[in-house]
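J.: heads up, no residue letters with this:
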């Protein structure tokens, strides 16, 4: 019978000796590029809120660009597609950013896991 031993992910990563923030745990790669659970570092509530806003703005860009291309193509042909994508993308980004502000919560109201501490690069 094989037993797999896993190390729980750290709740924070300390700065290096020269004061530069370290983005990874010793022995592991950068968390976004290393899928091993031990390499991952949890987000602070502020970082999670910022990521949610980025997702909404990015989704708004895609939806706006697609809508703009469809409307522009129907109204003005190939040139309308180009203009529609540009205008729709900008409008979608603005709309997505506004939506993220509308649904934003106070990060301090989000419950933290027991014993969790924010990463060294986060605001406290």
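T.: Noted; the coordinates are in hand. A quick note: this is a predicted structure, and the numbers were derived from the prediction, not measured.
J.: give me the number of neighbouring residues for residue 75.
T.: Look at residue 75: counted by other C-beta atoms under 10 Å, it has 11 neighbours. For every residue, glycine as well, the C-beta is placed using N, CA and C.
J.: sorry, that was for residue 86
T.: Counted with other C-beta under 10 Å, the neighbours of residue 86 add up to 15.
J.: give me phi/psi at it?
T.: The phi/psi pair for residue 86 (degrees, to the nearest 10) reads phi -60, psi -50.
J.: could you measure from it over to residue 96?
T.: According to C-beta to C-beta, to the nearest Å, residue 86 stands 16 Å off from residue 96.
J.: over to residue 24?
T.: 30 Å.
J.: more neighbours: those two, which one.
T.: Shown here are residue 24 and residue 96; by other C-beta under 10 Å, residue 96 has more neighbours (22 against 15).
J.: all helices of this structure, in order?
T.: Applying DSSP state H to the chain gives helices spanning 45-102.
J.: so, low pLDDT: which residues of it?
T.: Residues of the chain meeting the criterion pLDDT under 70: 1-23, 104-124.
J.: redo that, cut-off 50
T.: Within the chain, the stretches with pLDDT under 50 are 122-124.
J.: what's the neighbour count on the closest residue to residue 99 other than its chain neighbours?
T.: Of all residues not flanking residue 99 in the chain, residue 56 sits nearest, at 5.1 Å (C-beta to C-beta, 6 or more residues apart in numbering). Other residues lying near residue 56 total 21 when counted by other C-beta under 10 Å.
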